[in-house]
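Build me a model:
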Amino acid sequence: MAGVARMESMLVQFVVSCLVFLSCLRYGNAGITSNFVRSEYPSVDIPLDHRVFAVPKGHNAPQQVHITQGDYDGKAVIISWVTADEPGTSKVQYSTSEKNYEFSAEGTITNYTFYEYKSGYIHHCHVDGLEHDTKYYYKIGSGDSSREFWFITPPMVGPDAPYKFGIIGDLGQTFNSLSTLEHYMHSGGQTVLFLGDISYADRYQYNDIGIRWDSWGLFAEQSTAYQPWIWSAGNHEIDYMPYLGEVTPFKNYLQRFATPYYTSKSSNPLWYAIRRASAHIIVLSSYSPFVKYTPQWMWLREELNRVDREKTPWLIVLMHVPIYNSNDAHYMEGESMRAAFESWFVQYKVDVIFAGHVHAYERSYRISNIHYNVSSGDQYPIPDKSAPVYITVGDGGNQEGLAGKFRDPQPEYSAFREASYGHSTLEIHNRTHALYHWNRNDDGKKMATDAFVLHNQFWGTNHRRRKLKKHFARKYIDRAAY
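Take a look at the predicted model:
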């Protein structure tokens, strides 16, 4: 009992500290522009003979393995991989017991060309009927060249299901990228919310484009084979190259990365939604039509109406281009999507919106600019308790380098900004509170540089919190208040 009492005391102190810190963030008069300058690796891609690009041993061994959620509620995965020499088998064997594979699923095989590059054989296998909160082992390939991995399914969808997401954007395949990936893998994150701009292969020419898509798959497999990455597409996935005769947007991306778009009634794999633990996650496409009456606009209107905050309290939106950005890089590029969707984000009380694109980090206060209509209304963003927090995490480490020039003075809506490489985590504790961290990759050490308690927009209101009879967070917050 004494140990329990000490633990409760520590939790109370933690909550008090968080609340004090949060109050400073909410009511501080000015945001912070960090003057930290890190010693970074050169912004060049890792040489192809580096160990992170090692091809698995064995004839036709599966490579570039990655998984993503395969349904709406987390009871399925899509497992993808490439075989280089021949199609081989597209079967996935899996079980809850290691080395004892009771079940199997059959996938599909495809390949494609890009200019004169010919891809390997790309496998996508949908594995469904899984149990929640369970570790599964899986095996792909055949004979001595087969390979084995594992993943853990999320808890059943529910309002108090705890879960920890990682957030990474604009990763690429530099030594800075490797630092970010390795730091994330030690964070305890269970699923990556990826914000677009994957391989930066489009910065190459001719056949090297396809080769650098392959190398990124090898590079990231150390994480992507073991936990879902929830994909969104950025400008570096478009690969529109008329000089090569390649004019089909997103050709490389769509061939390689599957999404469960059909389970959320989307007509396009570039925008979709999933529910995972206590979160409803909506993925938007910044580079697909989204103005009124377009398919993406109509789908988002319907999907927002499907959100049930009683089951999934946390409403999270992913996009590539940030709506609010005070960096000179890509300044105002998100304005058209803001005009199209911001009023919905406020109406439906979205908790947080993550974006990439700008190669720096920035977090906003809760603000909106929904009253301005060209001729009247508020001309600047104003505080809005119903609005999301906007967070840019475009600092994964790609070869274009950091966007180090922020606009001066810092806008009132901007809470914190810094041009450093890193990743974020969002740790959901229950229906009312989540803990957010941005982790700077500081000379090989994971540094928690920006952190705050995120209050849920739906359950954070007093009248809804009073409905909770036995709730962990309420218990300790109420005690801390006294």
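
Now do the same contact list for the residue lying closest to residue 364 once chain neighbours are set aside.
Leaving aside its sequence neighbours, residue 364 sits nearest to residue 390 (C-beta to C-beta, 6 or more residues apart in numbering; 4.2 Å). For the C-beta atoms, the positions are set from N, CA and C on the backbone; glycine is no exception. Contacts for residue 390 (C-beta atoms under 8 Å, 6 or more residues apart in numbering) come out as 322-324, 352-353, 355, 363-364, 367.

Using the three-state scheme, assign residue 390.
Secondary structure, DSSP: H, G, I helix; E, B strand; the rest coil: residue 390 is strand.

Run through the bridge partners of it.
residue 353 (DSSP bridges).

pLDDT for the contacts of residue 390 - can I get that in JSON lines?
JSON lines is the format used below for the contacts of residue 390 (pLDDT from 0 to 100):
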{"residue": "322", "pLDDT": "98"}
{"residue": "323", "pLDDT": "97"}
{"residue": "324", "pLDDT": "98"}
{"residue": "352", "pLDDT": "98"}
{"residue": "353", "pLDDT": "98"}
{"residue": "355", "pLDDT": "98"}
{"residue": "363", "pLDDT": "98"}
{"residue": "364", "pLDDT": "98"}
{"residue": "367", "pLDDT": "97"}
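
count of residues packed around residue 156?
Residue 156 has 15 neighbours, counted by other C-beta atoms under 10 Å.

Need the per-residue pLDDT for the residue nearest to residue 364.
Predicted confidence (pLDDT) for residue 390: 98.

With residue 244 instead?
In this prediction residue 244 is given a pLDDT of 97.

before we move on, what about the one 3 residues further on?
At residue 247 the predicted local confidence, pLDDT, stands at 98.

The closest residue to it other than its chain neighbours: neighbour count?
Spatial nearest neighbour of residue 247, chain neighbours left out: residue 240 (6.3 Å); criterion: C-beta to C-beta, 6+ apart. Neighbourhood size, residue 240 [other C-beta under 10 Å]: 14.

my read: residue 240 touches residue 253, true?
No: counting by C-beta atoms under 8 Å, residue 240 stays clear of residue 253, with 11.7 Å between them.

then stretch 384-392 to CSV, C-alphas only?
Presented in CSV, the C-alpha positions along stretch 384-392 are these (Å, rounded to 0.1, in the frame of the first residue of the first chain):
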residue,chain,number,x,y,z
ASP,A,384,-10.2,29.7,-30.7
LYS,A,385,-10.7,27.0,-28.1
SER,A,386,-12.6,24.9,-30.7
ALA,A,387,-9.7,24.9,-33.1
PRO,A,388,-6.9,22.3,-33.5
VAL,A,389,-3.3,22.6,-32.6
TYR,A,390,-1.3,22.7,-35.8
ILE,A,391,2.1,21.0,-35.7
THR,A,392,4.7,20.8,-38.5
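
chain center to that stretch, what's the gap?
Centroid displacement of stretch 384-392 relative to its chain, using C-alpha atoms, centre = their mean, to the nearest Å, is 17 Å.

For the residue most central in space within the chain, which residues are in contact?
The centre of the chain sits closest to residue 193, judged by C-alpha atoms, centre = their mean, with a distance of 1.5 Å. Counting by C-beta under 8 Å, 6+ apart, residue 193 touches 165-168, 230, 281, 316, 318, 354, 426.

again, 10 Å this time
165-169, 228-232, 276, 279, 281, 283, 316, 318, 354, 393, 424, 426 (C-beta atoms under 10 Å, 6 or more residues apart in numbering).

Then residue 146?
58, 61-62, 88-89, 93, 139-140.

Got phi/psi on it?
Backbone dihedrals for residue 146, given as degrees, to the nearest 10, come out at phi -70, psi 160.

per-residue pLDDT, it?
The model's pLDDT for residue 146 equals 98.

Just the mean pLDDT for stretch 53-72, thanks.
97.

So residue 124 versus residue 50, what's the distance?
Residue 124 is 28 Å from residue 50, where distance means C-beta to C-beta, to the nearest Å.

about what we covered before: secondary structure and neighbour count added to the contacts of residue 390, as JSON lines?
Shown next, in JSON lines, are the contacts of residue 390 (DSSP: H, G, I helix; E, B strand; the rest coil; neighbours: other C-beta atoms under 10 Å):
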{"residue": "322", "secondary structure": "coil", "neighbour count": "30"}
{"residue": "323", "secondary structure": "coil", "neighbour count": "26"}
{"residue": "324", "secondary structure": "coil", "neighbour count": "26"}
{"residue": "352", "secondary structure": "strand", "neighbour count": "22"}
{"residue": "353", "secondary structure": "strand", "neighbour count": "25"}
{"residue": "355", "secondary structure": "strand", "neighbour count": "30"}
{"residue": "363", "secondary structure": "strand", "neighbour count": "24"}
{"residue": "364", "secondary structure": "strand", "neighbour count": "27"}
{"residue": "367", "secondary structure": "strand", "neighbour count": "21"}
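
Closest to residue 431 out of those residues?
residue 352 (14.9 Å; C-beta to C-beta).

Show the contacting residues for that closest one.
Neighbours of residue 352 in contact, by C-beta under 10 Å, 6+ apart: 167, 314-318, 363-364, 366, 388-391, 426, 434, 436, 454, 457.

So for it, what's the nearest residue that isn't a sequence neighbour?
That would be residue 389: by C-beta to C-beta, 6+ apart, it lies 4.8 Å from residue 352.

Contacts only, for that neighbour.
Residue 389 is in contact with 25, 324, 350-354, 363-367, 415, 436, 452, 454-455, 457, counting by C-beta under 10 Å, 6+ apart.

Ok, residue 320 next?
Residue 320 neighbours (C-beta under 10 Å, 6+ apart): 169-170, 194-197, 232-237, 283-287, 330, 333-334, 337, 354-357, 394.

Now, those that are in strands?
Among the contacts of residue 320, the ones falling in strands (DSSP state E) are 194, 283, 354-355.

could I get the residues you listed as TSV with distance to residue 372?
TSV is the format used below for the ones in strands among the contacts of residue 320 (distance: C-beta to C-beta, whole Å):
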residue	distance to residue 372
194	32
283	27
354	24
355	21
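
Pull out the buried members of those.
Those of those that meet the buried threshold are 194, 283, 354-355, by 16 or more other C-beta atoms under 10 Å.

Next one: residue 303 relative to residue 382, how far apart?
Taking C-beta to C-beta, one finds residue 303 at 27 Å from residue 382.

What backbone torsions are found at the closest residue to residue 142 other than its chain neighbours?
Spatial nearest neighbour of residue 142, chain neighbours left out: residue 89 (5.2 Å); criterion: C-beta to C-beta, 6+ apart. When read as degrees, to the nearest 10, the backbone of residue 89 gives phi -80, psi 140.
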